[in-house]
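**Student:** pasting the structure only:
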């Protein structure tokens, strides 16, 4: 009786072994896993609404609505042209503090997207710090209603908008860029200057609600900001992508089809509700071209 049980047990074990082998041979092989991402091909885009493509439809799928990330922003264009895998964490209204601080629920600090595997970082940032763009348009816009042909902002509250750029925005940018380098030590880091919003003179009141005499002041404000971005890039040892030369004549007062930035009123039909004061699709393409040119120079091309 014991012998029969022993033989039966051996037969069961043997049979199970055969069945397992047959099952293994007869089943479909496990699909191959995708190869690991090539070193240096991971690309992260950081920054504010100019970086996210606010105003350019359609929006990126599965992206927070309030970040207004466009499927046509410059980072998408750069990624497509270079074959890089993009992680876009740019977000409308971001400031330098949102590099290491959550901006909204579900929108973590932008630097969390970086790692040793990151090969390229691009960003546009600084325009929202201390209300440089938003406050200036609001304050100068209100002043313009009292004297649209004069210079009420230059003569009044405008002067207080310049000082914080050097005193606060510049050091915040330097610190932010150094943090990016720490988080992404192997990456090429490119910070992009802002394209011109206003022409050098003249203006286009009321489409851009800036008094004619305040247009040079608004130009100086942006010159000061781009200088801070450029100097911060040099201080942190990263690449500055200059948009001032190529965007001259493509400001918000230029005709539709020529301008790269949309005016606050009478926007192009292609610009959505949030497009005022932001680059349009042509502007995003122009930024992408300058980024690609900078990358080409860095590679010796």
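**Tutor:** That came through, no problem. Given the structure is predicted, the values throughout are model-derived calculations rather than measurements. Residues are numbered from 1 along each chain as shown.

**Student:** which residues of the chain fall in strands?
**Tutor:** For the chain, applying DSSP state E gives strands covering 42-47, 85-88, 118-124, 188-192, 239-241.

**Student:** Throw those into TSV and include mean neighbour count, mean pLDDT and distance to residue 276, thanks.
**Tutor:** Any C-beta I mention is one placed from the backbone N, CA and C, and that applies to glycine too. Formatted as TSV, those follow (neighbours: other C-beta atoms under 10 Å; pLDDT from 0 to 100; distance: least, C-beta to C-beta, whole Å):
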stretch	mean neighbour count	mean pLDDT	distance to residue 276
strand 42-47	26	99	19
strand 85-88	18	98	22
strand 118-124	25	99	17
strand 188-192	22	99	20
strand 239-241	19	99	24
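
**Student:** out of those, nearest to residue 97?
**Tutor:** strand 42-47 (12.7 Å; C-beta to C-beta).

**Student:** next, the angle from that closest one to strand 188-192.
**Tutor:** Counting by axes from the mean of the first three to the mean of the last three C-alpha atoms, to 10 degrees, strand 42-47 lies at 30 degrees to strand 188-192.

**Student:** parallel or antiparallel, which strands does strand 42-47 pair with?
**Tutor:** Using DSSP bridges, the strands paired with strand 42-47 are strand 85-88 (parallel), strand 118-124 (parallel).

**Student:** can you redo the ones you listed as a markdown table with distance to residue 201?
**Tutor:** Output for the strands paired with strand 42-47, formatted as a markdown table (distance: least, C-beta to C-beta, whole Å):
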| stretch | distance to residue 201 |
| --- | --- |
| strand 85-88 | 36 |
| strand 118-124 | 26 |
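
**Student:** so residue 102 touches residue 108, yeah?
**Tutor:** Yes - between residue 102 and residue 108 there is a contact at 5.3 Å, judged by C-beta atoms under 8 Å.

**Student:** which of the two has more neighbours?
**Tutor:** Using other C-beta atoms under 10 Å as the criterion, residue 102 and residue 108 rank with residue 108 on top: 15 against 12.

**Student:** tell me the confidence at that one?
**Tutor:** The model reports residue 108 with a pLDDT of 97.

**Student:** does it really touch residue 99, like I thought?
**Tutor:** No - the pair formed by residue 108 and residue 99 falls short of the contact definition of C-beta under 8 Å, at 10.9 Å.

**Student:** any idea how far apart the tips of stretch 193-206 sit?
**Tutor:** End-to-end distance of stretch 193-206 (C-alpha to C-alpha, to the nearest Å): 26 Å.

**Student:** same thing with stretch 239-247?
**Tutor:** 19 Å.

**Student:** pretty sure residue 78 is touching residue 294, no?
**Tutor:** No - assessed by C-beta under 8 Å, residue 78 is found out of contact with residue 294, at 10.1 Å.

**Student:** ok, these two, which is more surrounded?
**Tutor:** Legend: neighbour count by other C-beta under 10 Å for residue 78 and residue 294, higher for residue 78 (22 against 18).

**Student:** what's the closest non-adjacent residue to residue 139?
**Tutor:** Distances taken as C-beta to C-beta, 6 or more residues apart in numbering put residue 157 closest to residue 139, at 5.1 Å, once the chain neighbours are dropped.

**Student:** which pLDDT value belongs to the one you found?
**Tutor:** Looking at residue 157, its pLDDT stands at 82.

**Student:** can you pull the contacts of residue 54?
**Tutor:** Residues near residue 54 by C-beta atoms under 8 Å, 6 or more residues apart in numbering: 68, 70, 92, 274-275, 278.
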